[in-house]
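> sequence below, structure please.
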Amino acid sequence: MKSIFLALLIVLLVSHSLLTTAQEYDDEREWDYLEDSGKGPEHWGDLNENWTICKTGVWQSPIDLWDGWADVVRHLGRLQTSYKPANATLLNRGHDIMLKWVDDAGSLQIEGTNYALKQLDLEVHMVHQSSDEKTAVVGILYRINFGDDPFLVKGHLNIIADGSTNETVVGVVDPYDLIMDGGWEYYRYMGSLTTPPCTERVVWTVLKEPWIRTVSFDQVKKLRDAVHDNARSNARPIQPLNGREVLLNSIYFCAVLTVLLLSHSPLASSQEYDDEREWDYLKDSGKGPEHWGDLNENWTSCKTGVWQSPIDLRDGWADVVRHLGGLQTSYKPAIAELMNRGHDIMCHWHSPSEHHINGWWSDLEVHMVHQSLDGRIAVVGILYKIGFGEDPFLSKGHLNFLANGNANETGVGVVDPYDLIMDGGREYYRYMGSLTTPPCTEGVVWTVLKEPRIRQVSFEQVKKLRDAVHDYARSNARPVQPLKGREVLLSDLGHDHPTLQSI
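Sure thing, here's the model as predicted:
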């Protein structure tokens, strides 16, 4: 797995004691990451008789974590942490940086064992140790973006950047500043420490996208400048899997709720296909997205279309405009019905999101599908992320209906469309695309609301939706389709007062 940047930050969260030499070797002058130094990763096993497992071990870390060979499970649950703020010190060790908690900073619980928090690296490794010296590591990934990492904003970078090799007191540090967004979907496997002596039987937990944290270029540069190891990377190369079991704890659900806002008439058969038994999202079923165009003569656009959806919406290739204005909507509360169709629920909610923004997907995407009197279609896409707050729309009792798995169309009373789009409409992408399910009809006007208009949904709400769906697919998101030269507009109203225009 690639590290996002080349400085390694090790945070040692210890209860008045360091990791034993069997678990971490502090004198890093004996080894490095340089390819031709004779002390790089390929030589670690020969440098010290206590490090032979770096060469001979069969459960070594890191590994490449592929969904294709991971067993998707749900029984692991959310990470059980009980961290607390504690006094810490910071030490630049030359080719990594160590933050050490000198007081008790809490623990992680895995299968009944408490692991006291020990250390962390950026790709962050939060290293924990149990009372009987078993080790567990939580890996958190970073990517460079425009936003600063909140943890590094708290003054720690100023200490790191001065290049001092002295251990410096940094006051009280809260571990939840590092793991505040994570813990819902993650990989779990048995591995090793990634530095000498490469001790095995380490329980690894690596948080999966979209729990990747953001770090700014300036923060990365400060960390890189502070490290004076002359190595281009301090990431150990990927190690062989050697038949190990990799678990992927996933609570994503495959339901689609599509809100049909129509003039008292259903979508025509050329626009949406109801009998979804003829197609699915399963990779090896023969009826997945790569086969849709071959399953029905009316669905050939799924294979031959040139304006297909979803797409990756990147700011770099979008034309920023202001003339579109804010979305002009005139919704009103009306009587509605819900129907659980097996691998979607009508509305349409997709998990993970079908549209990507700047290469990254969100946890959910809701499609509000509209139709004009002459049959033209416009869809508004609203993205979701899992957080601690509940989604107000799903809190209004609709989930109780969905959770019972009822396949009948059931009245749910009056539903207000503004419960779904109440936060959005001022900054959004606009492009011409298609329906994202068979028959993949083109000529659809897509409007996808941009951050920070992403809505929040709770873990419990997601779980209820996932439990209601029985399609056996891990995702109901169609893969991203080629742009093929299409124009993508990004409506950015700035601080001016917009003139609202119709979609």
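> residue contacts, Val321?
By C-beta atoms under 8 Å, 6 or more residues apart in numbering, Val321 lies in contact with 489-492. (Each C-beta comes from the backbone N, C-alpha and C, glycine too.)
> that one pairs with what?
Ser491 (DSSP bridges).
> leaving out sequence neighbours, find the closest residue to Glu427.
Nearest residue to Glu427 in three dimensions, chain neighbours excluded: Lys450, at 4.7 Å (C-beta to C-beta, 6 or more residues apart in numbering).
> show me which strand runs longest in this structure.
The strand spanning the most residues in the chain, taking DSSP state E as the definition, is strand 377-387.
> for that one, packing partners?
Packed against strand 377-387 by the contact rule (3 or more C-beta pairs under 8 Å, 6 or more residues apart in numbering; DSSP states H and E) you find strand 364-371, helix 418-421, strand 442-449, strand 455-458.
> on that earlier part again, okay, the contacts of Val321 in a markdown table with neighbour count and distance to Pro240 next?
Output for the contacts of Val321, formatted as a markdown table (neighbours: other C-beta atoms under 10 Å; distance: C-beta to C-beta, whole Å):
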| residue | neighbour count | distance to Pro240 |
| --- | --- | --- |
| Leu489 | 16 | 47 |
| Leu490 | 21 | 44 |
| Ser491 | 24 | 49 |
| Asp492 | 15 | 48 |
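> can I get those in TSV with distance to Cys198 and pLDDT?
Output for the contacts of Val321, formatted as TSV (distance: C-beta to C-beta, whole Å; pLDDT from 0 to 100):
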residue	distance to Cys198	pLDDT
Leu489	52	92
Leu490	47	90
Ser491	52	85
Asp492	50	75
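> figure out which of the helices and strands packed on strand 377-387 is closest to Gly171.
With C-beta to C-beta as the measure, strand 455-458 is the member of the helices and strands packed on strand 377-387 nearest Gly171 (31.4 Å).
> show residues contacting that closest one.
With C-beta under 8 Å, 6+ apart, strand 455-458 has contacts from 363-364, 382-391, 394, 423.
> between those residues, which has the most around it?
Leu364 (29 neighbours; other C-beta atoms under 10 Å).
> ok, back up a step: isn't the residue nearest to Glu427 up against Tyr428?
Yes. Lys450 is within contact range of Tyr428, at 5.6 Å (criterion: C-beta atoms under 8 Å).
> neighbour count winner among these two?
For Lys450 versus Tyr428, neighbours defined as other C-beta under 10 Å are more numerous around Tyr428 (25 against 20).
> that one belongs to a helix?
No. Looking at Tyr428 with DSSP: H, G, I helix; E, B strand; the rest coil, it is strand, so not inside a helix.
> test my guess that it contacts Val488.
No. The criterion here is C-beta under 8 Å, and Tyr428 misses it with Val488 at 11.0 Å.
> in a strand, Gly45, correct?
No. With three-state DSSP as the criterion, Gly45 is helix rather than part of a strand.
> wait, what's in contact with the spatially closest residue to Trp44 that is not a sequence neighbour?
Excluding the flanking residues, the one nearest Trp44 by C-beta to C-beta, 6+ apart is Cys54, at 4.0 Å. Residues counted as contacts of Cys54 (C-beta under 8 Å, 6+ apart) are 41, 44-45, 60, 196-198.
> next, count neighbours for Asp103.
15.
> show the contacting residues for the nearest residue to it once chain neighbours are set aside.
In space, and not counting its chain neighbours, Asp103 is closest to Ala86: 3.9 Å by C-beta to C-beta, 6+ apart. Ala86 is in contact with 13, 101-106, 172-173, counting by C-beta under 8 Å, 6+ apart.
> tell me the bridge partners for Val415.
Beta-bridge partners of Val415, counted by DSSP bridges, are Ala334.
> my read: it touches Met368, true?
No. Val415 lies out of contact with Met368 (C-beta under 8 Å); the separation is 11.9 Å.
> which one's more surrounded, these two?
The residue with more neighbours, out of Val415 and Met368, is Met368; 22 against 19, by other C-beta under 10 Å.
> and the contacts of strand 455-458 as TSV, adding pLDDT and distance to Gly77?
TSV is the format used below for the contacts of strand 455-458 (pLDDT from 0 to 100; distance: C-beta to C-beta, whole Å):
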residue	pLDDT	distance to Gly77
Asp363	65	17
Leu364	70	20
Ile382	82	28
Leu383	82	25
Tyr384	79	21
Lys385	78	19
Ile386	76	14
Gly387	74	17
Phe388	72	16
Gly389	77	20
Glu390	83	19
Asp391	82	21
Leu394	72	21
Asp423	47	30
